[in-house]
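Chemist: Sequence unavailable; structure follows:
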Ligand SMILES: O=C([O-])CC(=O)C(=O)O
Ligand SMILES: [Mg+2]
């Protein structure tokens, strides 16, 4: 397999929603197409990738460093024993002359290309990515379905408690039983009223509701908020403090007993390892949300998985951020705890194959080669022109 072209565009994913830290009024995503010379059913295999919401399109990094490095590598240096591109070797080629540490957003650019390479390799093998991953890295074991939860509950101009309840109800109508909402932008009392409103449509069952602070609180604020919500026994309390402040996580974990969740803004195995070493998180309940599309891709995610195992963490404690089909394949193929889903935001990049229903907050995977983008028509409508250039 040779890479014959790599094309990229910047797609807008802007909207009027806000979390406690940012609004999404100018949000963008890079979409890449990696074109190869492998022909399946008369057409060249093309792999697609994109970055998750929350980080902007890394077009400069892609065009100045990572795409040129892939295109200028000798094909034999990228190839595995099967004659296809080996994503691990491609990763090494992309990261040539990059120093350790200070991961910045190069991890996003590498993640976008890594996603496309895995899509291409699975397509060339004519298998879904989840099957390829299960066979290569999980003893052949794939889960029949993935647990998914509906992430939303954003702050939105003019949206009151009824609007929030309508949104949550609509997720339940679409087959989700667990939902997530944003907190931390408004005074505590106001957020508590929002949480109680959401709980009212969830039979007052806290295990069906997650709240997400997006790293907004100081440790003091996080503890105060934690005391206020502890009686609800929520599914998880997400990114309560700055994602890189491991000591603050450790301190909070001493006073907040129910599950914490974090990791969507840690972009490397080394950052994840620091969290696990120093963040005081509890392997019996807390949730790790590293997003392979933002953090150097699946090659790095496999390193993170091995690191977690060495520290006594089950992959079932991982529920990636990002709501994309890439992480969904990884969740099923590597036996993770599930995946995020955005039924109403960040379209068309979130979600599943068109024909796949959500039942009891679980989805099955389509049996089509690659990541499955072709089975999601609104997304493929964005991707196909990128491949055609
Ligand atoms: O609002 C965001 O930035 C997305 C986010 O945190 C999540 O999906 O957990
Ligand atoms: Mg989050």
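Modeler: Received the coordinates, thanks. Note that this is a predicted model, so its numbers are computed, not measured. Ligands and ions are numbered 1, 2, ... in the order given.

Chemist: For residue 251, give me its contacts.
Modeler: 219, 223, 280 (C-beta atoms under 8 Å, 6 or more residues apart in numbering). The C-beta positions use only the backbone N, C-alpha and C, and glycine is treated the same way.

Chemist: Can you report the mean pLDDT over the residues of the strand or helix carrying it?
Modeler: In this structure, residue 251 sits in helix 246-255 according to DSSP states H and E. If you average the pLDDT over helix 246-255, you get 98.

Chemist: wait, isn't residue 13 in contact with residue 24?
Modeler: Yes - the pair residue 13 / residue 24 is scored as a contact, 7.2 Å apart, by C-beta atoms under 8 Å.

Chemist: Among the two, which residue is more densely surrounded?
Modeler: Taking neighbours as other C-beta atoms under 10 Å, residue 13 and residue 24 compare with residue 13 leading, 22 against 18.

Chemist: Tell me the helix or strand right after the helix holding residue 251.
Modeler: Counting by DSSP H and E, the element after helix 246-255 in chain order, helix or strand, is strand 260-262.

Chemist: helix or strand right after that next one?
Modeler: helix 269-278.

Chemist: contacts for the next helix or strand after that following helix?
Modeler: Going down the chain from helix 269-278, the next helix or strand is strand 287-288, by DSSP H and E. The contact list for strand 287-288, computed with C-beta under 8 Å, 6+ apart, reads 236, 238, 259-263, 272, 275-276, 281, 308, 313, 317-319, 337.

Chemist: List the buried residues in whichever helix or strand comes after strand 287-288.
Modeler: Past strand 287-288, further along toward the C-terminus, the next helix or strand under DSSP H and E is helix 297-310. Neighbour-count burial for helix 297-310, counted by 16 or more other C-beta atoms under 10 Å, picks out 297-305, 307-308.

Chemist: Outline the domain layout of the protein.
Modeler: Using automatic domain parsing, the domain parsing of the chain gives 3-126, 136-386.

Chemist: and the angle from the helix of greatest length in the chain to helix 297-310?
Modeler: Using DSSP state H, we find that the single longest helix of the chain is helix 106-124. Counting by axes from the mean of the first three to the mean of the last three C-alpha atoms, to 10 degrees, helix 106-124 lies at 100 degrees to helix 297-310.

Chemist: which secondary structure elements does helix 106-124 contact?
Modeler: In terms of contacts (3 or more C-beta pairs under 8 Å, 6 or more residues apart in numbering; DSSP states H and E), helix 106-124 is packed against strand 3-12, strand 28-40, strand 43-50, helix 59-61, helix 87-94, helix 129-137, helix 297-310, helix 325-334.

Chemist: do it and ligand 1 meet at all?
Modeler: No - between helix 106-124 and ligand 1, judged by C-beta under 6 Å from any ligand atom, nothing touches; the nearest distance is 13.6 Å.

Chemist: about what we covered before: which of the contacts of residue 251 lies closest to residue 81?
Modeler: The closest of the contacts of residue 251 to residue 81 turns out to be residue 280 (C-beta to C-beta; 42.6 Å).
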